[in-house]
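# return a 3D structure for these sequence lines:
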Amino acid sequence: MQAADHLESGRYVSPYRLVMVDELQDASQARARLTRALVAQPGRHLLAVGDDWQSINRFAGADLSVVTGFHDQFGPGPTVHLTTTFRCHQSITDTAASFVRKNPAQVRKTVVSVHDRPIDRAAHEGVQLRTVASAAEVPRAIGDFLTQLRDAIHGGAIVADSVSVDVLGRYHQDRGLMPHAAPPEIRLAFRTIHSAKGLEADYVVIPNLSAGSYAFPSRIADDPVLALAMTGGDTYPHAEERRLFYVALTRARRGVLLISPEHNPSPFVTELIQDRLVRDVGPRPVATPRPGCRVGVLRQRSGCNGHFWGCSTFPACTYTCNTPPGPGERPSVTRSTTRRPAF
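The predicted structure follows:
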């Protein structure tokens, strides 16, 4: 703040004619003010690079509006959209982009991959979903995936001697979901999603896509003290968590494996299923999303009149039907919904 004061008052005149800022989406309002002061004199120029879809550091003061309101902050100037990715397969890019740009506050853009070819399922490309009965099954599910990649290398579906696999957790505690060992052909690493930003791997595994407090999206409230230094949040539901999920997906060059509990899936998983943006690889059937809801899924229950299907968020939602509807079908409702899910 004092540096900006010196520049704005004229007590210091910057000798630099060109100021370049990288990762603009991580800038706070204080840093934006300093940048404006550095280029306020005639003959000064600013070159800034940023991606609002990757703004994931609000807890550190980052303000999304520095990017989305760039011209309001720094004045008129040309904008060049960098819309080509040299990392991800197009199928991963399409899934990630379709998910993140639902937030109307994000800059609208279409990302095109240089790897635009049909996915090779034998090489486990694209975005896949595996459901598990409980968190205790996650290490085995990851281990099974690593074995499949090893077999694909030996069988020639993956033309390489080895591949890198990053397991990306929402929290450090997700490290406990890692398998005890990996085949020698697999270069396995665990990282949090925040620490993986800027990195990449051949394959990415996101292991804890469940609903709840220490899950994804996180429902842990920020420390109230942080609110003194933080800007007002995006009003779109789970806005920053959605961008964090986008970052996780786009660390992968070839394929992503999402692992979700069968009966308590993340609302992100439910949304991907409804939008047909993910391929189910079993071994259990994917829970059917509750019609008209992006949170709950249908579970089979028993009552005095026999079996029926109800919402997983019960008692917050009391929706029920006789049979789960297929894609595009209307459900056969036997009981009315009296309350919406508490999200």
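
# please parse the protein into its domains.
Listed domain ranges for the chain are 2-74, 84-280, 298-335 (source: automatic domain parsing).

# quick one, phi psi at the closest residue to residue 186 other than its chain neighbours?
Nearest-residue entry for residue 186: residue 146, 4.9 Å, with adjacent residues in sequence omitted and distances by C-beta to C-beta, 6 or more residues apart in numbering. Every C-beta, even on glycine, is put in place using the N, C-alpha and C of the backbone. Residue 146 has phi and psi values of phi -60, psi -40 when expressed as degrees, to the nearest 10.

# ok, back up a step: now the domains of the chain as TSV including mean neighbour count and mean pLDDT?
Listed next are the domains of the chain as TSV, based on neighbours: other C-beta atoms under 10 Å; pLDDT from 0 to 100:
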stretch	mean neighbour count	mean pLDDT
domain 2-74	16	94
domain 84-280	18	92
domain 298-335	14	71
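
# looks to me like residue 19 is in a strand.
Yes. Counting by DSSP: H, G, I helix; E, B strand; the rest coil, residue 19 is located in a strand.

# mind checking how far it is from residue 73?
14 Å (C-beta to C-beta, to the nearest Å).

# same question, residue 47
Separation of residue 47 from residue 73 (C-beta to C-beta) stands at 15 Å.

# need the contact list for the residue nearest to residue 186.
Residues near residue 146 by C-beta atoms under 8 Å, 6 or more residues apart in numbering: 165, 179, 182, 183, 186, 188.

# which ones among these map onto helices?
Within the contacts of residue 146, membership in helices is found for no residue, as judged by DSSP state H.

# which among these gets closest to residue 196?
The shortest approach to residue 196 among these belongs to residue 165, at 12.2 Å (C-beta to C-beta).

# my guess is that closest one contacts residue 207, does it?
No. With contacts defined as C-beta atoms under 8 Å, residue 165 does not count as touching residue 207, sitting 11.5 Å away.

# show me where the stretch 151-300 of the chain has its helices.
Listed in chain order, the helices of the stretch 151-300 of the chain (DSSP state H, counting those that start in this stretch) span 193-196, 239-249, 267-274.

# other residues contacting the shortest one?
With C-beta under 8 Å, 6+ apart as the contact definition, helix 193-196 has outside contacts at 56, 57, 166, 168, 169, 170, 244, 247, 248, 251.

# go again with 10 Å.
For helix 193-196, the surrounding residues in contact (C-beta atoms under 10 Å, 6 or more residues apart in numbering) are 56-57, 59-60, 166-172, 174, 189-190, 204, 206, 216, 241, 244-249, 251.

# go on, stretch 213-220?
Contacts of stretch 213-220 (C-beta under 10 Å, 6+ apart): 168-171, 173-174, 193, 206-212, 221, 237-242, 244-245, 248, 258, 260-261, 264-269, 343.

# now with 6 Å, please.
Residues from elsewhere that reach stretch 213-220 (C-beta atoms under 6 Å, 6 or more residues apart in numbering): 170, 171, 208, 209, 238, 241, 266.

# dump those residues to CSV, plus distance to residue 124.
Putting the contacts of stretch 213-220 into CSV (distance: C-beta to C-beta, whole Å) gives the following:
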residue, distance to residue 124
170, 23
171, 26
208, 20
209, 18
238, 28
241, 26
266, 21
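
# OK, contacts around residue 95?
For residue 95, the residues meeting the contact criterion (C-beta under 6 Å, 6+ apart) are 127, 277.

# just checking, next helix/strand downstream of the host helix or strand of it?
Element membership for residue 95 (DSSP states H and E) is helix 90-100. Along the chain past helix 90-100, the next helix or strand (assigned with DSSP H and E) turns out to be strand 112-115.

# what segments of this protein are strands?
Assigned by DSSP state E, the chain shows strands spanning 18-21, 45-48, 84-89, 112-115, 126-132, 163-169, 186-192, 201-206, 252-261, 279-280, 298-303, 306-311, 320-321, 333-335.

# turn the ones you listed into a markdown table, including distance to residue 2.
Converted to a markdown table, the strands of the chain look like this (distance: least, C-beta to C-beta, whole Å):
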| stretch | distance to residue 2 |
| --- | --- |
| strand 18-21 | 18 |
| strand 45-48 | 21 |
| strand 84-89 | 40 |
| strand 112-115 | 44 |
| strand 126-132 | 47 |
| strand 163-169 | 39 |
| strand 186-192 | 33 |
| strand 201-206 | 42 |
| strand 252-261 | 43 |
| strand 279-280 | 54 |
| strand 298-303 | 58 |
| strand 306-311 | 55 |
| strand 320-321 | 62 |
| strand 333-335 | 64 |
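
# against residue 262, how distant is residue 133?
Relative to residue 262, and taking C-beta to C-beta, residue 133 is found at 6 Å.

# out of the contacts of stretch 213-220, who's nearest residue 127?
Looking at the contacts of stretch 213-220 and their distance to residue 127, the nearest is residue 209, at 11.8 Å (C-beta to C-beta).

# right, and that closest one touches residue 260 too?
Yes. Assessed by C-beta atoms under 6 Å, residue 209 is found in contact with residue 260 at 4.2 Å.

# so what sits against both of the two?
With the criterion set as C-beta under 6 Å, 6+ apart, the overlap between the contacts of residue 209 and residue 260 is residue 269.

# for the residue most central in space within the chain, which non-adjacent residue is closest in space?
Per C-alpha atoms, centre = their mean, the C-alpha nearest to the average position across the chain is that of residue 245, at 0.9 Å. Across the structure, with C-beta to C-beta, 6+ apart as the measure, the residue nearest residue 245 apart from its sequence neighbours is residue 268 (5.7 Å).
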